[in-house]
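Q: structure, please.
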Amino acid sequence: MLITLRFSKKDNGTFVAHTDILRALNRTFRRAGIPINYSQGFNKHMLLKMTQPLPLGITSYAEYVTADTPSTLDKEEFLRVFNLHSPPYLKADAAFVTESFPALASKINAGKFFFKTKDAIAKKEEIEGCLQGYSFVYKHADIEKKIDASSLLYDIKVTEEGIEAWMATGNVNLRADALSRAWNTDFGLQIALSDIARVEQYIRTDDRSMAVSDYLRGLS
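A: Down below sits the predicted model:
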């Protein structure tokens, strides 16, 4: 059976590296007594596939892990047992059984992020105007790179509570932490890493955008 869990990574979990999240998932399945199939070969490992990692410090309410399991538990019981044994910073809210491997890591190419800030509403027009043209310089390891953010932003909505932004992720991506730093500088905001959350992930094509949860339901 192939089952995919959607889980949150929040609180202290936002500062846990992607590889350590995978180890936490391994331990959770073992504690829960949920059998997971293993790979073949010399270095055997649990057949768990996760979606793309986030920069450290960013909350997510839409992480996904696909497990190849011989378990006969139905998805509701699978979800209950997982949450009973998972660490407090990793809790699942949905489970999807699919007949084929969903290969989410290679299909997901967009995400919706929320940047919590009450200051953005005063700059609503300018921030939403980033869709028409906006670039910034991103510096990493003493290397500077100019980012054409407008080509990687699909939609922006500014509200009294903050900014919702739909943006490219995956192989071609716009880092939410880099974007927030640029907005802080250019629009006088004070968005911290703890103010950023990934709300959902998407599979985007030329003519439509589908939430991963909807995609998985279609495979059920």
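
Q: right, and T28 touches H85 too?
A: Yes - using Cβ atoms under 8 Å, T28 is in contact with H85, at 5.3 Å. For glycine as for every other residue, the C-beta is placed from the backbone atoms N, C-alpha and C.

Q: neighbour count winner among these two?
A: Neighbours per residue (other Cβ atoms under 10 Å) separate T28 from H85, with T28 holding more: 22 against 14.

Q: shouldn't the more buried one be within a strand?
A: No - assessed with DSSP: H, G, I helix; E, B strand; the rest coil, T28 is helix; it does not lie in a strand.

Q: which residue packs closest to it, ignoring adjacent ones?
A: S86 (4.6 Å; Cβ to Cβ, 6 or more residues apart in numbering).

Q: how about the helices of this protein, start to end?
A: 18-32, 75-85, 104-107, 124-128, 176-187, 212-219 (DSSP state H).

Q: pick the most deeply packed of those.
A: Comparing those by mean neighbour count (mean count of other Cβ atoms under 10 Å), helix 176-187 comes out on top with a mean of 19.

Q: which residues touch that helix?
A: 54-55, 57-58, 113, 115, 119-120, 123, 126-127, 136, 138, 147, 149, 163, 165, 167, 189-191, 193, 195-196, 198 (Cβ atoms under 8 Å, 6 or more residues apart in numbering).

Q: strands along this protein, start to end?
A: 2-9, 48-50, 59-68, 90-98, 110-116, 135-140, 143-148, 153-158, 162-168, 196-204, 209-211 (DSSP state E).

Q: related to what we said a few turns ago, for the helices of the chain, which one sits closest to D142?
A: Each of those has some distance to D142 by Cβ to Cβ; the shortest is helix 176-187, at 15.3 Å.

Q: can you tell me what sits against the helix-or-strand element of the chain with minimal mean pLDDT?
A: Ranking every helix and strand in the chain by mean pLDDT, DSSP states H and E puts strand 135-140 at the bottom, with a mean of 88. When contacts are defined by Cβ under 8 Å, 6+ apart, strand 135-140 is touched by residues 144-150, 175, 178-179, 182, 185-186.
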